[in-house]
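Asks: what follows is a predicted protein model with its sequence.
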Amino acid sequence: MKYIVLLGDGMSDEPLKELGDRTPLMAARTENLDYMARRGRLGLARTVPKGLPPGSDVANLSVFGYDPRSCYTGRSPLEAASMGVELGPDDVAFRVNLVNLQPARGTLIMNDYSAGHISTEEGRELIEALQRDMGDDEFHFYPGVGYRHLMVWRNGKHALTATPPHDISGQGILDHLPKGEGADRLIYLMNTSQMILNNHPQYRRRLEADKVPANSIWLWGHGKAPRMEPFRDRFGLTGAVISAVDLVRGIGVCAGLDVIRVEGATGYIDTNYEGKVTAALEALETRDYVYLHVEAPDEAAHSGNLEHKLQAIEDFDARVVGPIMEGMKKFGEYRILCTPDHPTPLRIKTHTDDPVPFILYGGEGEERGGVRGYDEESARNAGLFLDEGFRLMEMMLGR
């Protein structure tokens, strides 16, 4: 038996007036997802336990089959694991976003949480400059992917709060700066980064190219190193993870799964869908399980871009789901779990903890009447609800 998870990050949403009170999943062309929904098991799952933040870290841990209530320590430690950065017991990892801040309404606002979806090469250039000018024995900056990077605070403070920058798009930042013990150190680093980035040659190059420049860092998502039971011990399966983002790769590393990097995987609508599909099917030749993650719908929703979210969903259906459905046939017996990790409504440009629609498909079964297709309303009407989303993995394995 072969198993694959197809994760469309942030696909689920709310009804929108511009779509005739339909959600993007209802409005998008998704013939492959609809086919599976009519022939598989369709339902809703709560991937974010009550009381935990509705982040991709918590939600993806659930879909991997881990209860976040027992193993979640923060987002950045997972990203550190993906990047091969070892954390000591007293070290605290932070996500570093390269962002663009702009003056407006008498304050500074979060103009772009991704600095115009800066490229990985440009991001590395800036993080290396920050490490030269700001790094020391206490603070160390590590380059990641695109606008997503890492800082480790050796023997750092942990009892503080920090806001994800995509939660405050278009809002003033002053009420959302880090708070708690050690927050003054973080704010100092963020302020110092602005002087470095505004004077870096890349700043003018991006302005002249009519691109949004990075003019600050934003620190958030902190935590200490997690401890997770190996996936093979937990489920008795060998497996691999395919993703463009360090967070999901990091979960794979912590779970002892193989991480497969695909050239051209960007985390946005220009990602290499075909390369991911090929890598997934090749990985299943020698492994039992693959977790294939696509970030594009979430990124489009964080940007408030309806056109891009619809395109991301349709590309996910046509360029990932369809080819995977066809490619899995060669393995004989198989299971496909397709789900978002969490909703990312375009209206608010950030995550919610609402349950998500999932499909469990095994290539068998006649079409069931009464199921319109794959969307939030159809899943709700199906009557299958998992209050503990981490049990999706158990359901997939028939346990």
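Replies: Looks like it came in fine.
Asks: what's the closest non-adjacent residue to Cys71?
Replies: Nearest non-adjacent residue to Cys71, counting by C-beta to C-beta, 6 or more residues apart in numbering: Met228, 5.1 Å away. Backbone N, C-alpha and C define where each C-beta goes, glycine included.
Asks: got the contact list for the closest residue to Glu138 other than its chain neighbours?
Replies: Excluding the flanking residues, the one nearest Glu138 by C-beta to C-beta, 6+ apart is Arg154, at 5.4 Å. Arg154 makes contact with 88, 90-91, 137-140 under the criterion C-beta atoms under 8 Å, 6 or more residues apart in numbering.
Asks: against Asp210, how distant is Gly180?
Replies: 39 Å (C-beta to C-beta, to the nearest Å).
Asks: higher neighbour count, those two?
Replies: Using other C-beta atoms under 10 Å as the criterion, Gly180 and Asp210 rank with Gly180 on top: 13 against 7.
Asks: neighbours of Glu282, just the number please.
Replies: 14.
Asks: grab the longest strand from the protein for me.
Replies: Counting by DSSP state E, the longest strand found in the chain is strand 92-104.
Asks: just the buried residues of the next helix or strand along the chain from that strand, please?
Replies: Remark: after strand 92-104, the chain's next helix or strand is strand 107-112, criterion DSSP states H and E. For strand 107-112, the neighbour count (16 or more other C-beta atoms under 10 Å) marks 109-112 as buried.
Asks: thinking again about what came up before, of the contacts of Arg154, grab the buried ones for ChimeraX.
Replies: Buried subset of the contacts of Arg154, written as a ChimeraX selection, criterion 16+ other C-beta under 10 Å:
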select :91,139,140
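Asks: ok, the contacts of Arg154 vs Gly170, which is closest?
Replies: For the contacts of Arg154, the closest approach to Gly170 (C-beta to C-beta) belongs to Phe139, at 29.4 Å.
Asks: that closest one reaches Lys157, doesn't it?
Replies: No: using C-beta atoms under 8 Å, Phe139 makes no contact with Lys157, being 12.0 Å away.
Asks: can you pull the contacts of the most centrally placed residue in the chain?
Replies: In the chain, the C-alpha nearest the mean C-alpha coordinate belongs to Ser56, at 4.8 Å (C-alpha atoms, centre = their mean). Contacts for Ser56 were tallied using C-beta under 8 Å, 6+ apart; they are 9-10, 75, 245, 247-248, 298, 341-342, 351.
Asks: what does it show for phi and psi?
Replies: Dihedral angles of Ser56 (phi, psi; degrees, to the nearest 10) stand at phi -70, psi -30.
Asks: measure it to Pro68 for me?
Replies: From Ser56 to Pro68 the distance is 11 Å (C-beta to C-beta).
Asks: surely Tyr268 touches Asp298?
Replies: No: between Tyr268 and Asp298 there is no contact under C-beta under 8 Å: 9.7 Å.
Asks: which one's more surrounded, these two?
Replies: Asp298 (27 against 18).
Asks: quick one: secondary structure of that one?
Replies: helix (DSSP: H, G, I helix; E, B strand; the rest coil).
Asks: likewise for His140?
Replies: Per three-state DSSP, His140 ends up strand.
Asks: could you find the closest non-adjacent residue to it?
Replies: Val152 (5.0 Å).
Asks: roughly how far apart are the residue nearest to Cys71 and Glu285?
Replies: In terms of C-beta to C-beta, Met228 sits 26 Å off from Glu285.
Asks: neighbour count for the two, which is higher?
Replies: Ranked by neighbour count (other C-beta under 10 Å), Met228 and Glu285 place Met228 first, with 20 against 9.
Asks: who touches that one in this structure?
Replies: Contacts of Met228 (C-beta under 8 Å, 6+ apart): 66, 71, 254-255.
Asks: and Arg287, what does it touch?
Replies: Applying C-beta under 8 Å, 6+ apart, the residues near Arg287 are 237-240, 258.
Asks: ok, 6 Å please
Replies: Going by C-beta atoms under 6 Å, 6 or more residues apart in numbering, Arg287 touches 238-240.
Asks: out of those residues, who's nearest Leu292?
Replies: Distances from Leu292 to the contacts of Arg287, taken by C-beta to C-beta, are shortest for Ala240, at 9.2 Å.
Asks: you'd agree the closest one is up against Arg261?
Replies: No: at 10.7 Å, Ala240 does not count as touching Arg261 under the criterion of C-beta atoms under 6 Å.
Asks: quick one: the strands in the stretch 51-200 of the chain?
Replies: 92-104, 107-112, 139-145, 148-153, 160-161, 179-180 (DSSP state E, counting those that start in this stretch).
Asks: just the terminal-to-terminal distance for stretch 343-358.
Replies: 12 Å (C-alpha to C-alpha, to the nearest Å).
Asks: my bad, should have said stretch 73-88
Replies: OK, stretch 73-88 end separation, C-alpha to C-alpha: 14 Å.
Asks: let me see the mean pLDDT of it.
Replies: Mean pLDDT, stretch 73-88: 93.
Asks: and for stretch 202-219?
Replies: On average, stretch 202-219 scores 98.
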